[in-house]
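1. Provided below for reference: sequence and predicted model.
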Amino acid sequence: MNEDVELYAGNLGYNVDPPYRGRHFAERACRLLLPFARLHCFEHLWITFDPANAESRRTCERLGAVLVEVIMLPEDLIRTRTGSGRSAGTGWIRVRALGIRLR
């Protein structure tokens, strides 16, 4: 796994449309992937999200993920992910990286 995946992209990602939020679909989907990740010899999985997103933080906590660090996304990744040129000073671009141990 390369540093960009570990620090910025993560191994797991999810987006739940507003009418379906609050039903733990993201958590359930992640749990379904855990046996697959073990089968393919992953030692841990990384999830990254905006620290302002309390719902994603709770999802990660329910999964047993542990906060590793809070980092700033580099400017070039902000443009790639959002298509915008928002500056690093806006704050929403900070990412929490959490790991789920599989062994």
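-> Ah, there it is. Residues are numbered from 1 along each chain as shown.
2. In this structure, mark out all the strands, start to finish.
-> Residue ranges of the strands in the chain, as given by DSSP state E, are 44-49, 66-72, 94-101.
3. Could you pick out the longest helix of this structure?
-> Ranked by residue count under DSSP state H, the longest helix found in the chain is helix 25-39.
4. pLDDT (mean, whole number) over that helix?
-> Rounded to a whole number, the mean pLDDT of helix 25-39 is 91.
5. If you count contacts, what does it end up packed against?
-> On a contact count with 3 or more Cβ pairs under 8 Å, 6 or more residues apart in numbering; DSSP states H and E, helix 25-39 meets strand 44-49, helix 54-62. Backbone N, C-alpha and C define where each C-beta goes, glycine included.
6. any weak-confidence spans in this structure?
-> 1, 6, 77-103 (pLDDT under 70).
7. Dihedrals phi and psi, Gly10?
-> Main-chain torsions, Gly10, degrees, to the nearest 10: phi 80, psi 170.
8. residues touching it, list them.
-> Contacts here follow Cβ atoms under 8 Å, 6 or more residues apart in numbering; on that basis Gly10 touches 45-48, 97.
9. Compile those into JSON lines and extend it with columns for distance to Arg21 and neighbour count.
-> Listed next are these as JSON lines, based on distance: Cβ to Cβ, whole Å; neighbours: other Cβ atoms under 10 Å:
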{"residue": "Leu45", "distance to Arg21": "22", "neighbour count": "21"}
{"residue": "Trp46", "distance to Arg21": "23", "neighbour count": "20"}
{"residue": "Ile47", "distance to Arg21": "17", "neighbour count": "22"}
{"residue": "Thr48", "distance to Arg21": "19", "neighbour count": "22"}
{"residue": "Ala97", "distance to Arg21": "23", "neighbour count": "21"}
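10. between those, which is nearest Pro19?
-> Ile47 (23.0 Å; Cβ to Cβ).
11. Hmm, that closest one is touching Ala9, no?
-> No - if you go by Cβ atoms under 8 Å, Ile47 and Ala9 don't touch, sitting 10.0 Å apart.
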